[in-house]
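> fold the stuff below for me.
(chains A, B, C and D)
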Number of protein chains: 2
Amino acid sequence: MEKVITIGEAARRSGVAASALRFYEERGLISSERRGSGHRRYPRSVLRRIAFIVFAQRIGLSLDEIGAELAKLPADRAPTRSDWSQLSRGWAARIDRRIAELARLKAGLTECIGCGCLSLDRCRLANPEDRAGRHGPGPRYWVG
Amino acid sequence: MEKVITIGEAARRSGVAASALRFYEERGLISSERRGSGHRRYPRSVLRRIAFIVFAQRIGLSLDEIGAELAKLPADRAPTRSDWSQLSRGWAARIDRRIAELARLKAGLTECIGCGCLSLDRCRLANPEDRAGRHGPGPRYWVG
DNA sequence: ATACAAGTTAAAGTGAACTTGAGATCAAGA
DNA sequence: TCTTGATCTCAAGTTCACTTTAACTTGTAT
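Next up is the predicted model:
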């Protein structure tokens, strides 16, 4: 039972490809010690960190946002349960907002498309707040 | 009250950039008639089609999937309400699945991160089904 | 000692959904 | 008529989250 693991083992145990782990490290989301050869050695705790990253992605956070969250963890000591749970404070609200939007969209399925009023002027189904200031793919704005 | 609208007007009324509309047209999601000059003229009904696209994107469909849906509309006549609502059949289930996943993730916030068991071996919070066969960004697989 | 698996880097490629830029043409009001 | 704003095409650029490739170096089992 070693204290450190290789990148291959971390990949196997987390289900995240080694190339992705190197990428995360480059982005500062995880870190490793290096042996003389240059090979990475991760502490076991990296698995929890990776789990957190995957988890947060499913919720909808970008890697930048996840990085900001992880940066809040104490650098001087191993994170405790309460450290981790503090990170996720506020996520519940975010999840709730997304769930509410989906529920609204679902209602629109019958109410709006069903009744034939589907029109951008009248129905404002797509959430303006979420869309404004959004980057990346998808229509960038919503004119009221 | 004209029967056709310019791309600029369609953009203004839908909140979707003109460049995006041209892109959608290139992808076959919408279509236009051209005047002698080459300028596009859209029928008013394009607004509903655009609304449908935006709507579907919010639910999580890719443009390819949306195109496949739109292809089911009758080509010979103007789509009716029931044509549109038929398209969205099955979406409710999809929305429900996503909502269920988010609810699960939210539960995990307290149950898993809170209790300190956050680990990829033990907690299987991220939905394997949804992740498998997924394309694009994000970890590609989930080793069970 | 020799395979061969596993690790390293840097740079380039991928796919989705658009946007931006360049250079040219078109339409509409003063 | 002039000028201003809208539109056109085509190619290239952008962001995100990675993956792939190439050319090497290490670690380990036999």
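
> is stretch A:84-103 anywhere near DNA strand D?
No: taking C-beta under 7 Å from any atom of the strand as the criterion, stretch A:84-103 and DNA strand D are apart, separated by no less than 14.7 Å. C-beta: built from backbone N, CA, C; applies to glycine.

> so the residue positioned nearest the centre of chain A is in which element?
For chain A, the residue nearest the mean C-alpha position is residue A:57 (2.4 Å; C-alpha atoms, centre = their mean). Assessed by DSSP states H and E, residue A:57 sits inside helix A:46-59.

> biggest strand in chain A, by residue count?
Longest strand in chain A, counting residues (DSSP state E): strand A:40-43.

> parallel or antiparallel, list what pairs with it.
strand A:4-5 (antiparallel), strand A:33-34 (antiparallel) (DSSP bridges).

> what residues does that strand touch?
Contacts to strand A:40-43, defined as C-beta atoms under 8 Å, 6 or more residues apart in numbering or on different chains, come from residues A:3, A:4, A:5, A:6, A:7, A:10, A:25, A:30, A:32, A:33, A:34, A:35.

> how about 6 Å then?
A:4, A:5, A:7, A:10, A:32, A:33 (C-beta atoms under 6 Å, 6 or more residues apart in numbering or on different chains).

> what's the PyMOL line that selects buried ones from these?
In PyMOL, this line selects whichever of the contacts of strand A:40-43 come out buried by 16 or more other C-beta atoms under 10 Å in any protein chain shown:
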select buried, chain A and resi 5+7+10+32
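
> follow-up on the earlier one: with just CA atoms, put the longest strand of chain A into PDB.
The C-alpha trace of strand A:40-43 is given here as PDB (Å, rounded to 0.1, in the frame of the first residue of the first chain):
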ATOM      1  CA  ARG A  40       4.900  12.300 -11.600                       C
ATOM      2  CA  ARG A  41       4.000  10.900  -8.200                       C
ATOM      3  CA  TYR A  42       0.600  11.900  -6.900                       C
ATOM      4  CA  PRO A  43      -0.500  11.700  -3.300                       C
END
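
> ok so, going back, alpha carbons of the helix or strand that the helix holding residue A:57 is followed by, as CSV, please.
Moving toward the C-terminus from helix A:46-59, the next helix or strand (DSSP H and E) is helix A:63-70. Only the C-alpha atoms of helix A:63-70 are listed here, as CSV (Å, rounded to 0.1, in the frame of the first residue of the first chain):
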residue,chain,number,x,y,z
LEU,A,63,-12.4,24.4,-15.4
ASP,A,64,-11.6,28.0,-14.6
GLU,A,65,-14.4,28.1,-12.0
ILE,A,66,-13.3,24.8,-10.6
GLY,A,67,-9.8,26.1,-10.3
ALA,A,68,-11.1,29.1,-8.4
GLU,A,69,-12.9,26.8,-6.0
LEU,A,70,-9.9,24.6,-5.5
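
> good, we can wrap up now.
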